[in-house]
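Chemist: A structural model of the following input is requested.
(chains A, B, C and D)
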Number of protein chains: 2
Amino acid sequence: MSISAKKDSCLTCEAKQHSALCSSPEVVRVIDKVKVVCNYKAGQIIFQQGQDPLGLFAVQSGLVKLEVNSMDGHAHTLRILGPGGIAGYRSLFARETYKANAIAIEDTSLCYIPKTELFQIFAQHPEATLNFMQSICKDLGSAEEKWVAQMDKEASERIAEAILFLQDHFNDQKWTRKEIAQWAGTTPETVMRTLAQFEKEGLIDQAGRKIIILNRPGIQSRSTHL
Amino acid sequence: MSISAKKDSCLTCEAKQHSALCSSPEVVRVIDKVKVVCNYKAGQIIFQQGQDPLGLFAVQSGLVKLEVNSMDGHAHTLRILGPGGIAGYRSLFARETYKANAIAIEDTSLCYIPKTELFQIFAQHPEATLNFMQSICKDLGSAEEKWVAQMDKEASERIAEAILFLQDHFNDQKWTRKEIAQWAGTTPETVMRTLAQFEKEGLIDQAGRKIIILNRPGIQSRSTHL
DNA sequence: ATTTAAATATGACGCCCATCATGTTCTTGG
DNA sequence: CCAAGAACATGATGGGCGTCATATTTAAAT
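Modeler: Residues are numbered from 1 along each chain as shown, chains lettered A, B, ... in the order given. So this is what the prediction gives:
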């Protein structure tokens, strides 16, 4: 991990348009002063389960996944963050240690914002806090939706849902079968069999490792039960 | 649903000790002025999927469950709220329509707080907002944990976890097999077979419909995989 | 360039648990 | 108080999909 504090300015940062934190020019100006830019290479760990959160990480560029490692050695992807996404906020605000690992999927630049400065911003900008709460509540909605889908939908439906989600949010990113499985709550084998089936039906095309959706409505109908 | 605005004062309310909303005497005083107390009988619906949130509901006494009805007619319990719990906040802050139904499990008194007044409170009391965010983030943690458990743990383990949770948080409340199933993410039949097994092993006693945990460490060990 | 590990791909096996069916026992409201 | 509907209880059945094994291809590392 390398630190490059000066060169990246919030003024030129495009990620702030998608960030729940950078709600007003006013707030951005403050963040610009207190942030520290950190660079990670693909595969590097940003923080780990059990550590104490001292701030949060805003994705400037790149891709980050939050995943938990269960006792039996399986990993499950809770959230995936692109530019504008915030990592580490849940544990920080819940006042707990990290319950998940944050890992850079590809080369990534993050803005680290220390918690004291962050709390100052929230104290002085109530509208920024409310804005952030909206984002948290959406994440909560997604999490609860995911739990329900895990029961109500069969694996192929969750996989269809997953490839739609991943394409919509992180376009032209290539995903391994394993990564899709960890997001969809299934196994790489099941993902492969399902994708092969989708391809046979002409719904998708697997060019190398990139999945191209040929028939979007078709995939959508395969993502819903009944 | 009946309204009884005057008689219940926040000053004498014991639920506020467990509420993320009633963080300071200052805030409580404001809430006392703007709240409307609503009474529901067991089984009554407080709000329903699709409706527009106009405020939120703080449980004063009684028990409320938030559940989603999936297409195939199954219901899943997202959260259960006792005194101090807040219903309806997720949709309100996410600025969405309700995605779940709120139902009174037993006779319940709620304090309805209109959103305009609520947002005023948050604007004037940043520390109250932060306090509430902590609660939301814990809920998010629970939701994500539940998703992981749905995959990693087998049904009997989730059921063991469920009866521990339900006893810890809502002591001497009797639960139907169906309610346990909807919370644990399984079916009433599986709950029954599992409870019968636990009873045979001397871990619990099913006195009528109330479950008594005879061997707490035993149940705890049955709630964890490997 | 060559080695080594990771990812892709398929087949076989098995079992957990949802589903359906059927009967009994509560309990609740008219 | 009695009837109708929940809730409880148990058995039988079957299929979805996780697990394991194995072979091939791709990607990465030195």
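
Chemist: At the geometric centre of chain A, which residue do we find?
Modeler: A:Ile80 (1.8 Å; CA atoms, centre = their mean).

Chemist: Next, count neighbours for the residue nearest to that one when sequence neighbours are not counted.
Modeler: Using CB to CB, 6 or more residues apart in numbering or on different chains and skipping the chain neighbours, the partner closest in space to A:Ile80 is A:Lys65 (5.1 Å). Where C-beta positions appear, they are placed from N, C-alpha and C, glycine not excepted. Residues lying near A:Lys65 (other CB atoms under 10 Å in any protein chain shown) number 21.

Chemist: Kindly report the residues of chain A close to DNA strand C.
Modeler: Residues of chain A lying near DNA strand C by CB under 7 Å from any atom of the strand: A:Thr176, A:Arg177, A:Lys178, A:Pro188, A:Glu189, A:Met192, A:Arg193, A:Leu195, A:Ala196, A:Gln206, A:Arg209.

Chemist: Ignoring the adjacent residues along the chain, who's closest to the residue of chain A found nearest DNA strand D?
Modeler: DNA strand D sits closest to A:Glu154 of chain A, with a gap of 3.1 Å, by CB to the nearest atom of the strand. Setting aside the residues directly before and after it, A:Glu154 is nearest to A:His225 in space (CB to CB, 6+ apart), at 7.3 Å.

Chemist: Is stretch A:81-101 positioned near chain B?
Modeler: Yes. On the criterion CB under 8 Å from any CB of the partner chain, stretch A:81-101 is in touch with chain B at A:Tyr89, A:Arg90, A:Ser91, A:Phe93, A:Ala94, A:Arg95, A:Glu96, A:Lys99, A:Ala100.

Chemist: CA atoms of that stretch as CSV?
Modeler: In CSV, the C-alpha atoms belonging to stretch A:81-101 read as follows (Å, rounded to 0.1, in the frame of the first residue of the first chain):
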residue,chain,number,x,y,z
LEU,A,81,-17.7,-1.3,-4.1
GLY,A,82,-16.8,0.7,-7.2
PRO,A,83,-15.8,4.4,-7.4
GLY,A,84,-17.8,6.4,-4.8
GLY,A,85,-18.4,3.3,-2.6
ILE,A,86,-17.5,3.5,1.1
ALA,A,87,-15.7,0.6,2.8
GLY,A,88,-15.6,0.2,6.6
TYR,A,89,-18.5,2.3,7.6
ARG,A,90,-20.6,-0.4,9.1
SER,A,91,-18.1,-1.5,11.8
LEU,A,92,-17.1,2.1,12.4
PHE,A,93,-20.6,3.4,13.1
ALA,A,94,-21.7,0.2,14.9
ARG,A,95,-18.6,0.7,17.1
GLU,A,96,-17.5,-2.9,16.5
THR,A,97,-14.4,-4.5,15.1
TYR,A,98,-14.4,-5.3,11.4
LYS,A,99,-16.5,-8.3,10.7
ALA,A,100,-15.4,-8.6,7.1
ASN,A,101,-12.3,-8.4,5.1
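
Chemist: in it, what counts as buried?
Modeler: A:81-94, A:98-101 (16 or more other CB atoms under 10 Å in any protein chain shown).

Chemist: Packing partners of the helix or strand A:Arg79 falls within?
Modeler: Assigned by DSSP states H and E, A:Arg79 belongs to strand A:75-81. Strand A:75-81 sits against strand A:64-69, helix A:126-152, helix A:177-184, helix B:126-152, with contacts defined as 3 or more CB pairs under 8 Å, 6 or more residues apart in numbering or on different chains; DSSP states H and E.

Chemist: if we go to 10 Å?
Modeler: The contact analysis (3 or more CB pairs under 10 Å, 6 or more residues apart in numbering or on different chains; DSSP states H and E) places strand A:75-81 against strand A:55-61, strand A:64-69, strand A:86-87, strand A:101-104, helix A:126-152, helix A:155-169, helix A:177-184, helix B:126-152.

Chemist: ok so, going back, the residue nearest to the centre of chain A reaches A:Phe170, doesn't it?
Modeler: Yes. Taking CB atoms under 10 Å as the definition, A:Ile80 is a contact partner of A:Phe170 at 6.9 Å.
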